[in-house]
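# the following block contains a protein sequence and its predicted model.
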Amino acid sequence: MFDELLRELRRLEKPVSVPIDMPLDDKGYLDRKCPDEECGTSFKVLFDDWKQKVPDEFAVCPKCGGKSQPSDFNTPWQQKYIEDFAHAYMSRQLNNAVGRAARRA
């Protein structure tokens, strides 16, 4: 059983990409926050514009013009939401791995 569990855990070591539906406001806008400590401006952007017009390499603050990775513009609430989602995903994966290992034993 432990060999099976170790195999399952090794499989889970590989990076995965999991889509997350980030909550938007009633008009389809996404909250953003400039990551620059001196700026820290909060703003909203139409989610479709963010997906289609913001390159993967960088995003730009509309107030200070600072550039950073798009994920750096997550608000603290969004960052916690993403972390909670990731923890729940990994918990499900681990529970499933233990279940599969137990059934094979």
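Structure's in. What do you need? Quantities reported herein were computed from a predicted structural model and do not represent experimental measurements. Numbers count the residues shown, from 1 in each chain.
# what about the helices in this protein?
2-12, 47-53, 76-104 (DSSP state H).
# report the buried residues of the second one.
Of the residues in helix 47-53, residue 50 count as buried by neighbour count, 16 or more other CB atoms under 10 Å. For every residue, glycine as well, the C-beta is placed using N, CA and C.
# tell me which other helices or strands that helix touches.
Packed against helix 47-53, as judged by 3 or more CB pairs under 8 Å, 6 or more residues apart in numbering; DSSP states H and E, are the following elements: strand 29-33.
# and the strand it packs on with helix 76-104, angle?
100 degrees (axes from the mean of the first three to the mean of the last three CA atoms, to 10 degrees).
# who wins for proximity to residue 18 among the helices of the chain?
helix 76-104 (5.6 Å; CB to CB).
# averaged pLDDT, the closest one. What do you get?
Helix 76-104 carries an average pLDDT of 87.
# which parts of that helix are buried?
Here helix 76-104 shows 78, 93, 97, 101 as buried, counting by 16+ other CB under 10 Å.
# kindly provide the distance from the residue positioned nearest the centre of the chain to residue 102.
Central residue check for the chain by CA atoms, centre = their mean: the C-alpha nearest the mean position is that of residue 82, 4.4 Å away. Per CB to CB, to the nearest Å, residue 82 is found 31 Å from residue 102.
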